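Participant: Just need the structure, nothing else, for what follows:
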Amino acid sequence: MADVDGMSVTLPNDLVRDIDRLDNNRSKFIAEAVRNELDRRRRGELRRSLHNPHPESTELAGQGIEEWTRGLPVEDTEALVNSNAGTPVRWVSGEGWVEGHE
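Facilitator: As a prediction, the model looks like this:
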């Protein structure tokens, strides 16, 4: 069984009745609802982040991985980055990440 913490939650009577009509396990129902809401909020935060990237992220995306790696010590680039691997992508303002070189 997963680790659980007990807690008390106060809900309006009509909401509890609606839950009981749908599922006889209130805890399970509420846990699922909370997970769904947390996922929804995380997706919203990700969307906001993608539409308004941090200025340093935009700058780094504009430089490209190869230019970025030129600023690293040689021993780090060999261990961290293989610029020949993967799919080339670039940041296009208003569109986001797209495949291909400029």
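Participant: rest of the way, CA atoms for contacts and neighbours
Facilitator: OK.
Participant: Around Gly44, how many other residues sit close by?
Facilitator: 12 (other CA atoms under 10 Å).
Participant: Which elements pack onto the strand or helix carrying it?
Facilitator: Gly44 belongs to helix 26-51 when elements are defined using DSSP states H and E. Packing contacts for helix 26-51, counted by 3 or more CA pairs under 8 Å, 6 or more residues apart in numbering; DSSP states H and E, involve helix 13-22.
Participant: which helices and strands does the helix it packs on pack with?
Facilitator: Short answer (3+ CA pairs under 8 Å, 6+ apart): helix 13-22 packs on helix 26-51.
Participant: how about a cut-off of 6 Å?
Facilitator: Under the contact definition 3 or more CA pairs under 6 Å, 6 or more residues apart in numbering; DSSP states H and E, helix 13-22 sits against no other helix or strand.
Participant: Give the residue spans of the chain that score low on pLDDT.
Facilitator: Applying pLDDT under 70 to the chain flags the ranges 1, 65, 75-83, 102.
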